[in-house]
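> The following comprises the amino acid sequence and a computationally predicted model.
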Amino acid sequence: MRRIVAAGAGASLVLATIMAVNVAMASVASASPATTVVTASDLYGFSCSNVAPSGTGQFNVIDEISGCNHPSVRSSGGVSVVSTPGPSAQQGSLQLTVAGTNDHWAAFNYDNDGTSLSAITELSYSTYTSDGGPDTDPSLQLVIDPGSASSAGLGAGCPASATFSTLNFEPYLQGAGVIENSWQSWDVMSGSGVVWGTHLTACTPEAYSPSGISWSTFLSYYPSATILGGVGVNVGSGWNAMTGNVGSLTFATSAVTTTYIFDPTSPGSSTTTMPNSPTAAIGATDSDVAVVTGNDVVGSPTGTVSFYECGPTGSPTPCTSMANPVGGPMTVSPAGPDTATAASVSFTPTALGYWCFAGYYSGDSNYDASVDTTADECFDVTLNSTSMQTTPTNSTITLGQADTDLGTVTGNDVDGSPTGTQSFYECGPTPMATPCASMANPVGIPVNLTPGPGDTSTATSAPFTPTAVGYWCFAGYYSGDSNYTANSDTTVDECVHVAPSLTASLQITTTSLPPGFAKTRYSATLVAIGGNPPYRWSRSSGHLPGGLHLNRFTGAISGRPSASDSGTYTFTVKVVDRKIKLKHHVTQNSATKVLSITIL
């Protein structure tokens, strides 16, 4: 934009002021990420007492006409960041406006102060204008120290006369020309592009010619040229009223490529967090994983995610409190073109129920902060499961002997040996091993578990004496505790085979029978032991009271005595056991008992 020079002494003073500001910026190191979003808050107004912005991605807005020489003369129009038009749907632009020929505005960035022009590997930007006229696309300008010029073809006294320059790229000078109402991309360093410099007439007339020279030719003239401070864009100085827009300003060296995109505010981000596991056993750990999503123009978010926990609750409940941090902020790592992830440290819940995480993304120089405190951040803390095995002390016994059941409950190496109790039950007899699924016949009372080696605990039932031959089966039920769920073993490996005893004598153990009442239901059962059950009962002499009967299979005497049968009835009962086939003969035992029943 050669009209800067045409403005005369005032323009030179503006450039001198820029140079002074740039000197103050010489110690500011650049640490630009791959993409830098420039928002409205990154624009700073220029005055003679200001220094350049110190933050990465910030721009000084300069009124080139007034400068420091003419504070009473101000340009109309200005510089702002707008949402549209933009080079893409996800970008806004830097908008520069002048109201007439006396206006001139520029915006300069100082992130690349001190960079050698020969170290630049890419310099490009996009422009848009809707105003007629050949000069109305914003130009790109670098404030440089040209350094010592090469001797080839240069004028006398060049090094002494060129202390600084502005190197300019103007779209209307390029071969493609300016196309209105359309975004155009410009490669400043391309072979077909031309640039021109100010304050170089004594050194290189060709570099100051109206037609300009290529970037590579300019470098051949000034191989040691460096950026004195500002890289910027400008409009105006002799132009009619116009509005121009700039987007995707890219500056690259071998060390870093920085693209400046423009939006009125920082782009939004979204944070989605999910527990590593939806359930966790008490005593175990869980962690939270956050995915932060930006957009494919700006790229992967940077920054940190801070994690928090709430609980326990009876149902999934969003964690909206920041009272309980889970470790410290975790730096996100790129996970895709526009995403980044972070994981919390491990967290150990202290009680059963639902515990819920929350993830807070910090935001960065490009993206706004975001948070996830939804209920899908919750995980259910449950009791640990156990394994249980119960085994009879003896798998085979003889009728009349007692047996016990041994239960072993196994936990885990985190919570150790289970505590609580084990309850035992028995079922039988049956002709074959049959799981005991009934809790009708307890074997003693619940027994406290005793911790064993590792993560096991054991309990032994009270002795149980079967009353008949056949299969009798135990069942074991573990109560559970504050760490472990209840469990049971009712499998057939809990069964005991009860064999007949050939030496135990058969005898009737009933010694007396209760009295009965006329016309009132009566019931009593005869009991025998020994021999080889099952037993068969009969009456060998005497009579039962009228209305009463003896069950030959169970030994039960039952019925309803008649009113005319009051008195005492004496009779003899007989019991025989099962026949046993021995090697050379068959044996069967019997026993008798004289009993009486009085009917009142």
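It's in. A quick note: this is a predicted structure, and the numbers were derived from the prediction, not measured.

> which residues in the stretch 401-550 of the chain form strands?
Using DSSP state E, counting those that start in this stretch, the strands of the stretch 401-550 of the chain run over 405-410, 421-430, 447-448, 450-451, 456-460, 470-478, 487-489, 495-499, 507-508, 522-525, 528-529, 536-542, 548-550.

> where among these is the average confidence lowest?
Least confident of the strands of the stretch 401-550 of the chain, judged by mean pLDDT, is strand 528-529 with a mean of 85.

> which residues pair with the spatially most central residue of the chain across the strands?
The residue lying closest to the centre of the chain (Cα atoms, centre = their mean) is Val289, at 2.5 Å. Val289 has these beta-bridge partners by DSSP bridges: Met274, Ala343.

> my guess is it contacts Thr273, does it?
Yes: counting by Cβ atoms under 8 Å, Val289 does reach Thr273; the two are 6.6 Å apart. All C-beta spots, glycine's among them, are computed from the backbone N, C-alpha and C.

> shared neighbours of those two, which are they?
Here Val289 and Thr273 share no contacting residue, scored by Cβ atoms under 8 Å, 6 or more residues apart in numbering.

> Val576 reaches Pro533, doesn't it?
No: Val576 lies out of contact with Pro533 (Cβ under 8 Å); the separation is 10.7 Å.

> Okay, now the unreliable bits of the stretch 501-600 of the chain?
Low-confidence segments of the stretch 501-600 of the chain, defined by pLDDT under 70: 501-504, 582-584.

> if we go to 50?
Residues of the stretch 501-600 of the chain meeting the criterion pLDDT under 50: none.

> And for the chain?
In the predicted model of the chain, residues 1-32, 48-50, 69-70, 153, 155-157, 160 satisfy pLDDT under 50.

> Can you tell me how far the residue nearest to the centre of the chain is from Ser277?
10 Å (Cβ to Cβ, to the nearest Å).

> Please apply the same query to Thr136.
61 Å.

> Neighbour count: these two, which is higher?
Thr136 (23 against 13; other Cβ atoms under 10 Å).

> Now do the same contact list for the more buried one.
Thr136 makes contacts with 129, 172, 178, 235, 239-240, 242, 244, as judged by Cβ under 8 Å, 6+ apart.

> Pull out the buried members of the residues you listed.
Among these, those scoring as buried are 129, 178, 235, 239, 242, 244 (criterion: 16 or more other Cβ atoms under 10 Å).

> Any chance of JSON lines for these, columns distance to Val414 and secondary structure?
Below are the buried ones among the contacts of Thr136 laid out as JSON lines (distance: Cβ to Cβ, whole Å; DSSP: H, G, I helix; E, B strand; the rest coil):
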{"residue": "Thr129", "distance to Val414": "69", "secondary structure": "strand"}
{"residue": "Val178", "distance to Val414": "72", "secondary structure": "coil"}
{"residue": "Val235", "distance to Val414": "69", "secondary structure": "strand"}
{"residue": "Trp239", "distance to Val414": "76", "secondary structure": "coil"}
{"residue": "Met242", "distance to Val414": "73", "secondary structure": "strand"}
{"residue": "Gly244", "distance to Val414": "67", "secondary structure": "strand"}
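
> Helices of this structure, residue ranges please.
3-6, 9-24, 158-161, 215-221 (DSSP state H).

> just to revisit the earlier point, quick one: which of Val576 and Pro533 has more around it?
Counted by other Cβ under 10 Å, Val576 and Pro533 do not tie: Pro533 has more neighbours, with 21 against 17.

> Surely the more buried one is in contact with Ala468?
Yes: here Pro533 reaches Ala468: they are 4.1 Å apart, a contact under Cβ under 8 Å.

> any shared contact partners between those two?
Common neighbours of Pro533 and Ala468 (criterion: Cβ under 8 Å, 6+ apart): Leu399.

> What about Asn394, how many residues nearby?
Using other Cβ under 10 Å, Asn394 has 13 other residues around it.

> Test my guess that it contacts Ala402.
No: contact between Asn394 and Ala402 fails when scored by Cβ under 8 Å: they sit 9.3 Å apart.

> residues in contact with the residue nearest to the centre of the chain?
Listed by Cβ under 8 Å, 6+ apart, the contact set of Val289 reads 273-276, 341-344.

> what comes up buried for stretch 579-599?
By neighbour count with 16+ other Cβ under 10 Å, stretch 579-599 contains the buried residues 589, 591, 593, 595, 597, 599.

> any idea how far Phe571 is from the nearest residue to the fourth one once chain neighbours are set aside?
When you say that, I think you mean Leu595. Counting by Cβ to Cβ, 6 or more residues apart in numbering, Leu513 is the residue found nearest to Leu595 once chain neighbours are left out, at 5.5 Å. According to Cβ to Cβ, Leu513 stands 10 Å off from Phe571.

> And Tyr484, by the same measure?
Going from Tyr484 to Phe571 by Cβ to Cβ gives 58 Å.

> Now do the strands in the stretch 201-350 of the chain.
Using DSSP E, counting those that start in this stretch, the strands of the stretch 201-350 of the chain run over residues 226-236, 242-253, 257-262, 270-275, 279-281, 288-293, 304-313, 330-331, 333-334, 339-343.

> hey, what's in contact with both of Leu513 and Phe571?
Common neighbours of Leu513 and Phe571, using Cβ under 8 Å, 6+ apart, are 595-596.

> and His549, what is it in contact with?
Here His549 is in contact with 557-559 (Cβ under 8 Å, 6+ apart).

> 6 Å instead, please
Counting by Cβ atoms under 6 Å, 6 or more residues apart in numbering, His549 touches Gly559.

> cool, and the one 3 residues further on?
Residues in contact with Arg552, defined by Cβ under 6 Å, 6+ apart, are 536-537.

> and it, what are its phi and psi?
Phi and psi for Arg552, reported as degrees, to the nearest 10, are phi -70, psi -20.

> Cys356 versus that one, what's the distance?
Distance of Arg552 to Cys356, computed by Cβ to Cβ: 70 Å.

> Thank you kindly, that will do.
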